[in-house]
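J.: what follows is a predicted protein model with its sequence.
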Amino acid sequence: MKKILALTLAWALAAGNGLPANACTGIAFRTQDGTQLQARTIEWGGFSLESKLVILPRGQKNTSFTPQGQNGLSWKNKYGAVGISVVKDPFIGEGVNEKGLAAGIFYFSGYGSLAPFNAKRAKKSVADVELVRWMLTNFATVEEVINGLKKVDIVTIYPPQPGQETASTGHWRIADASGRSIVLEIENNGQRHIYENTVGVLTNSPSFPWQVTHLNNYVHLQAGDVAPVSYGKTKLSAFGAGAGMWGLPGDITPPSRFVRAFFYLHTAPAAPDARAGVLQAFHILNNFDIPIGVEFAAGEKIPNLPSATQWTSVTDMTRPAFYYRTMNNSQIRQVDLSQIDFAAVQAQVLPLDAESEVIAPVAVK
């Protein structure tokens, strides 16, 4: 428990002090053949998140952490699931279960605020960093998740940092095979809000309704070119293609990434099938890779990481299947949940990268 707290505290402390930001960007869409996809990046430039590929079988027993130790809610997996962990193996950052329910946590700095831990309700408490795991292994649909959330307390396992009234936490994106997608946000010491996500995008702070309203500031943007115009004897014309998107924000802040993801997503052609959709999702999210170093001021020590975007994942909720690539290997890997017998498979924690990426020479004749 001490090691888990130390690592989680280090992460929270760095983020709370405005050092490297956890900058996640998520998109969701439907292909022409009806495949429901959602995808996301996870950025953290402070240190390696030590992420692993986690296989969760049916019947596996779990007990959540609380500030007192591993004495929270206990449950047995109803459904098998696959996901990627963050910091420690039990903390699933993104994943999908055998019924096509997908969920992920996105950092919600300065806005997320959980209710104080009530020791008398420890057995009904789930740590925020374990909420994705709990949802994936218990529920098949978004509606089931909404009902299940009414029965549990969501708590943090680390204390507030200096200058914070409450500890930093996340907000959550939850979607199912029907394509329904919601955002769960908890603010002001435990006030829960559930929003239907019809825009297909999620980043970080501020709150989801603010981000959607902020899109109205970019109502003038449009795909394609802008026709030349004349003012008296002066003719104005665009320098190149894509002038209709002049003014699209390009920085790495969450509001700017939200706007950029929205327009890239909604101007993309509809992918014909799952394979094309998966590739399209990775290509869209290429635009949100954060190079290592840009988050650090001059003179600050930059960690030895190849990228601040530590991994990117795409979830096919229809099949279901889970795809990912990492900062160490850009090859796309697939876990096909339909090929796993979750009643028989063993719980597993696997490295995301069996080997580093190979730069292959091209044979020229």
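T.: Here it is on my side, so go on. Numbering: from 1, shown residues only.
J.: who's in contact with the residue lying closest to residue 27 once chain neighbours are set aside?
T.: Of all residues beyond its chain neighbours, the one nearest residue 27 is residue 265 (5.0 Å), with distances taken as C-beta to C-beta, 6 or more residues apart in numbering. Quick note: C-beta positions are derived from backbone N, CA and C, even for glycine. Counting by C-beta atoms under 8 Å, 6 or more residues apart in numbering, residue 265 makes contact with 27, 29, 200, 201, 284.
J.: show me what contacts residue 101?
T.: So residue 101 contacts 79, 135-136, 139-142, 145, 174-177, 317 (C-beta under 8 Å, 6+ apart).
J.: pLDDT added to the residues you listed, as CSV?
T.: Below are the contacts of residue 101 laid out as CSV (pLDDT from 0 to 100):
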residue, pLDDT
79, 98
135, 98
136, 98
139, 98
140, 98
141, 98
142, 98
145, 98
174, 98
175, 98
176, 98
177, 98
317, 98
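J.: returning to that earlier point: confirm the residue nearest to residue 27 sits in a strand?
T.: No - under DSSP: H, G, I helix; E, B strand; the rest coil, residue 265 falls outside any strand and is assigned helix.
J.: what pLDDT does it get?
T.: Residue 265 carries a pLDDT score of 98 in this model.
J.: just how off-centre is stretch 136-144 within its chain?
T.: Centroid displacement of stretch 136-144 relative to its chain, using C-alpha atoms, centre = their mean, to the nearest Å, is 18 Å.
J.: buried ones in it?
T.: 136, 137, 138, 139, 140, 141, 142 (16 or more other C-beta atoms under 10 Å).
J.: residue 40 versus residue 349, what's the distance?
T.: 21 Å (C-beta to C-beta, to the nearest Å).
J.: neighbour count: those two, which is higher?
T.: residue 40 (26 against 12; other C-beta atoms under 10 Å).
J.: which strand or helix spans the more buried one?
T.: Using DSSP states H and E, residue 40 falls within strand 36-43.
J.: that strand pairs with which strands, and in what direction?
T.: Strand pairing for strand 36-43, using DSSP bridges, gives strand 26-30 (antiparallel), strand 309-316 (antiparallel).
J.: can I get it in PDB, CA atoms only?
T.: Provided in PDB are the C-alpha atoms of strand 36-43 (Å, rounded to 0.1, in the frame of the first residue of the first chain):
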ATOM      1  CA  GLN A  36     -18.900   1.400 -32.700                       C
ATOM      2  CA  LEU A  37     -15.400   2.700 -31.900                       C
ATOM      3  CA  GLN A  38     -13.900   4.800 -29.200                       C
ATOM      4  CA  ALA A  39     -10.200   5.800 -29.000                       C
ATOM      5  CA  ARG A  40      -7.900   7.800 -26.800                       C
ATOM      6  CA  THR A  41      -4.400   8.900 -26.000                       C
ATOM      7  CA  ILE A  42      -2.800   9.200 -22.600                       C
ATOM      8  CA  GLU A  43      -0.100  11.700 -22.100                       C
END
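J.: and the longest strand seen in the chain, how far out from the chain middle?
T.: As assigned by DSSP state E, the longest strand anywhere in the chain is strand 88-97. Between the centre of strand 88-97 and the centre of its chain there are 11 Å (C-alpha atoms, centre = their mean).
J.: where do the strands sit along the stretch 251-365 of the chain?
T.: With DSSP state E, counting those that start in this stretch as the criterion, the stretch 251-365 of the chain has strands at 309-316, 321-326, 333-336, 348-351.
J.: now the ones you listed as TSV including mean pLDDT and distance to residue 257?
T.: Formatted as TSV, the strands of the stretch 251-365 of the chain follow (pLDDT from 0 to 100; distance: least, C-beta to C-beta, whole Å):
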stretch	mean pLDDT	distance to residue 257
strand 309-316	97	12
strand 321-326	98	19
strand 333-336	98	25
strand 348-351	97	29
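J.: got any ranges where the protein has weak pLDDT?
T.: By pLDDT under 70, the low-scoring segments of the chain are 1-21, 160-165.
J.: let's see 90
T.: 1-23, 45-46, 109-110, 158-168, 240-242, 293-303, 354-361, 363, 365 (pLDDT under 90).
J.: got a list of what residue 233 touches?
T.: By C-beta under 8 Å, 6+ apart, the contact set of residue 233 is empty.
J.: going forward, count from 42.
T.: All set: I'll call the first residue 42, so the last point we hit is now residue 274.
J.: how far away is it from residue 159?
T.: For residue 274, the distance to residue 159 - C-beta to C-beta - is 74 Å.
J.: coming back round to it: most tightly packed of the strands paired with strand 77-84?
T.: strand 350-357 (a mean of 27; mean count of other C-beta atoms under 10 Å).
J.: how far out from the middle of the chain is the strand holding residue 81?
T.: 6 Å.
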